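Visitor: Please find the sequence and the predicted model below.
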Amino acid sequence: MANDQQNSDTSRMATETLRNVRINQVGYLLAAAKHATVVTSATTPLTWQLRDVSSTVVASGTTTVFGHDATSGDHVHSVDFSAYQQPGEGFTLQAGDDISHPFRISTDIYRQLKYDALAYFYHNRSGIPIEMPYAGGEQWTRPAGHLDVPPNKGDTNVPCAPDTGRSYELDVSGGWYDAGDHGKYVVNAGISLWTLLNQYERATYYGSTATFADGTMNIPERNNGVPDLLDEARWELDFLLKMQVPEGQPQAGMAHHKMHDAAWTGLPISPEQDPQQRYLRPPSTAATLNLAATAAQAARIWKEIDPAYSQRCQRAAERAWQAALAQPQVYAPHSDSTGGGPYGDTELGDEFYWAAAELYTTTRATEYQRFIRQSPYYLQVPTTFGPNSVPAMTWGTTQALGTITLATVRDDEHNMEAEAARQSIVDAANVFVGILDQQGYRVPFDPGPTGKYAWGSNSFVLNNLIILALAYDFTEDAIYLNAVVDGMDYILGCNALDKSYVSGYGVNPLQNPHHRFWAHQLDPRFPPVPPGAVSGGPNSSVQDPYAQSIGLAGCAAQKCYVDHIESYSTNEVAINWNAPLAWVTAFLDEQAHSMTNAAEPQP
Ligand code: 9MR
């Protein structure tokens, strides 16, 4: 279904013009909030009409004047048509003389997207052929990447880089490619894997794991008796375990920070055609703690499903934890960016807290409980917006991951921290809800006084939506659910560029992400992006030559974006960005079927 949608969207695009009435281009959930934003210079309210597919006016009202919106630079009005709750296709919203793109109202807006968002991970697997029927279309099939078949020089025996003074080789095959490049980075694998596993764990306690049970996803491991979401996650976890320094080598038990090509490859290139030598970069404390955290999380999730694997994960986690304690300040330098991204981080208190929270939740050992209670990050969920516009969580800001785990896992004997952790999450959600009315496009992310969006800003929005969704789980207050809906509206078209940042979804979808294989824009022999990938999105710092060359510098935050393959700083795709898309769309789809009139405030 999504493939057909992708094709028709792509052909329609050429003629599609931007509309001043901005909506969620995929559609609105039947019983939830329905907001739109209108770009207009009018300073007094406009009348609006909602029309059904036969052009009959089914609802009407007047807009609310918002005024100047700082992050977009637009003068806007708001429309609230939440009260309309009839399903259908081909609705349009008119405000003044402007008419929106057509959209649907339905309970199934996210039904397929939640699977397509996870398919991203299969498509980006290393070390396995991408084949039909799993690829979703012949054009996305490709041979296995990086299994030492020439011209590949990796990944089954990858040497430590010459400048590291280390002389061993490791089999670090498998895992997911990080993004548009073919690097594999333990810091970033960590938050991405954690998010998929948390999606599963949250569903265990607050939803249903049936949606991702064995046989539900289009992957080679379907019908192996294990939930498919866990199969996909394990592909990455197995790679992470291989990145741990073996006994007998210096810094044994730590994890190598990353592995990637000696020099950046050009675009386009399919992974199996990569001729570069690949190297292991030195271990770092950050990577070691990412391994400790995710392996500990996995140990409890696989406990009944695969006890031997669970024990292996727990041993790896405890080993990593001890190694990180012994060497707490081994930093990966920001300057290490030849052939791969640096993922540098010199503040690791949050990673220590996260890893200890995972180990505590898995083992309930008092040493970890003591550690988290003494941590300055104890129960934190960031909501303050400094110059670097930090959202609830990023690859380098991980305390919320630990807090979420403490809050999510229901374990009545040992739930000393759980209530307080839930309260922290609700408190953070309240801050995000409070932001909505101050944003012309109702984005639950506030860049703070600088007004700037950073690299990967769409993931900032999506990660804040996880906090809001959890607040809904804990309180069942519809205000949080509707805030999640508003945030997805931003991602799917209700924004300054009238853009759906997700491929294959919406009238004006992401089409040309920075990706070495989905490089159709550069070379017609390469495929376009498959459905369900989310772009990193607007980046005020405009950090790539292409975006600079088209004059983006000086742009209002929401407009610092171009849908072009060469714009890696505004239009890349990445595992840590698609993971919260998968989490949030699964949550919304689940709620779509259980909500009754969430659009009305609860008493
Ligand atoms: O997501 C990362 C972002 O926070 C950094 O500012 C940026 C520059 O270092 O790197 C981003 O991560 C990229 C990584 O370094 C290499 N693979 C692609 C990632 C997404 O653009």
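Guide: Noted; the coordinates are in hand.

Visitor: separation between residue 502 and residue 513?
Guide: 11 Å (CB to CB, to the nearest Å). In short, each C-beta sits where N, CA and C put it, glycine included.

Visitor: list residues touching both of the two?
Guide: Common neighbours of residue 502 and residue 513, using CB atoms under 8 Å, 6 or more residues apart in numbering, are 533, 535.

Visitor: The closest residue to the ligand within the stretch 201-350 of the chain is in what secondary structure piece?
Guide: Nearest residue of the stretch 201-350 of the chain to the ligand, counting by CB to the nearest ligand atom: residue 341, 1.7 Å away. Of the helices and strands defined by DSSP states H and E, none includes residue 341.

Visitor: What's the per-residue pLDDT of it here?
Guide: Predicted confidence (pLDDT) for residue 341: 97.

Visitor: Over to the one 5 residues further on?
Guide: At residue 346, the predicted lDDT confidence score is 95.

Visitor: Could you verify my assumption that it touches residue 330?
Guide: No - using CB atoms under 8 Å as the test, residue 346 is too far from residue 330 to be in contact (10.5 Å).

Visitor: does residue 481 sit in a helix, a strand or a coil?
Guide: helix (DSSP: H, G, I helix; E, B strand; the rest coil).

Visitor: number of nearby residues for the residue of the stretch 201-350 of the chain closest to the ligand?
Guide: Look at residue 341: counted by other CB atoms under 10 Å, it has 18 neighbours.

Visitor: dump the residue contacts of it.
Guide: 178, 181, 183, 185, 258.

Visitor: I'd assumed residue 340 was in contact with the last one.
Guide: Yes - under the criterion of CB under 8 Å, residue 258 makes contact with residue 340 at 6.0 Å.

Visitor: Find residues that contact each of those two.
Guide: Here residue 258 and residue 340 share the contacting residues 183, 185, 281, scored by CB under 8 Å, 6+ apart.

Visitor: so which of those also contact the ligand?
Guide: residue 183 (CB under 6 Å from any ligand atom).

Visitor: any chance of the shared contacts of residue 258 and residue 340 in TSV, plus neighbour count and distance to residue 271?
Guide: Putting the shared contacts of residue 258 and residue 340 into TSV (neighbours: other CB atoms under 10 Å; distance: CB to CB, whole Å) gives the following:
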residue	neighbour count	distance to residue 271
183	20	11
185	30	16
281	25	19
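
Visitor: Got the confidence number for the residue of the stretch 101-250 of the chain found nearest the ligand?
Guide: Nearest to the ligand in the stretch 101-250 of the chain, going by CB to the nearest ligand atom, is residue 179, at a distance of 3.4 Å. On the pLDDT scale, residue 179 is placed at 98.

Visitor: Surely it and residue 572 touch.
Guide: Yes - because the distance of 5.2 Å satisfies CB under 8 Å, residue 179 is recorded as touching residue 572.

Visitor: so what sits against both of these two?
Guide: Between them, residue 179 and residue 572 share the contacting residues 514-515, judged by CB under 8 Å, 6+ apart.

Visitor: Looking at the contacts of residue 341, which are in strands?
Guide: Judged by DSSP state E, the subset of the contacts of residue 341 located in strands is 185, 258.

Visitor: The contacts of residue 341: which two are farthest apart?
Guide: 181 and 258 (11.0 Å; CB to CB).

Visitor: more neighbours, the two?
Guide: residue 258 (27 against 23).

Visitor: Please report the distance of that one from residue 176.
Guide: For residue 258, the distance to residue 176 equals 13 Å [CB to CB].

Visitor: Pull the lengthiest strand in the chain out as CSV, backbone CA atoms only.
Guide: Across the chain, the longest stretch assigned as strand under DSSP E is strand 88-95. Only the C-alpha atoms of strand 88-95 are listed here, as CSV (Å, rounded to 0.1, in the frame of the first residue of the first chain):
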residue,chain,number,x,y,z
GLY,A,88,-13.4,10.4,5.1
GLU,A,89,-10.9,11.2,2.3
GLY,A,90,-10.5,14.4,0.3
PHE,A,91,-11.2,17.0,3.0
THR,A,92,-9.9,20.5,2.4
LEU,A,93,-9.7,23.4,4.8
GLN,A,94,-10.2,26.9,3.5
ALA,A,95,-9.2,30.0,5.4
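
Visitor: Distance from the chain centre to that strand, please.
Guide: Centre-to-centre, strand 88-95 and its host chain are 29 Å apart (CA atoms, centre = their mean, to the nearest Å).

Visitor: which residues sit against that strand?
Guide: By CB under 8 Å, 6+ apart, strand 88-95 touches 20-21, 23, 36, 38, 40, 46-53, 58, 63, 77, 79, 81, 99-106.

Visitor: And for stretch 118-134?
Guide: Contact with stretch 118-134 is made by 135-136, 138, 140-147, 155, 173-177, 182, 184, 196, 212, 217-220, 229, 232, 235-236, 239, 271, 530-533, 573, 575, 578, 582, as judged by CB under 8 Å, 6+ apart.

Visitor: Kindly report the same for stretch 412-431.
Guide: With contact meaning CB under 8 Å, 6+ apart, stretch 412-431 is reached by 364, 369, 372, 379-383, 392, 400, 403-404, 406-407, 409-411, 467-468, 470-471, 474-475, 480, 483.

Visitor: Only whichever of these are buried, select them in PyMOL.
Guide: Only the buried entries of the contacts of stretch 412-431 go into this PyMOL selection, using 16 or more other CB atoms under 10 Å:
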select buried, resi 369+372+379+380+381+382+383+392+400+403+404+406+407+409+467+468+470+471+474+475+480+483
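
Visitor: Ramachandran angles for the residue of the stretch 101-250 of the chain closest to the ligand?
Guide: Phi and psi for residue 179, reported as degrees, to the nearest 10, are phi -170, psi -130.

Visitor: For it, give me its contacts.
Guide: Residue 179 makes contacts with 514-515, 572-575, as judged by CB under 8 Å, 6+ apart.

Visitor: Just give the number of residues close to residue 397.
Guide: Every residue meeting other CB under 10 Å relative to residue 397 is counted, giving 22.

Visitor: The nearest residue to it once chain neighbours are set aside and residue 373, how far apart?
Guide: Nearest non-adjacent residue to residue 397, counting by CB to CB, 6 or more residues apart in numbering: residue 390, 5.6 Å away. Residue 390 is 24 Å from residue 373, where distance means CB to CB.

Visitor: neighbour count winner among those two?
Guide: Taking neighbours as other CB under 10 Å, residue 390 and residue 373 compare with residue 390 leading, 18 against 14.

Visitor: before we move on, back to that, give me the subset of the contacts of strand 88-95 touching the ligand.
Guide: Within the contacts of strand 88-95, nothing lies near the ligand by CB under 6 Å from any ligand atom.
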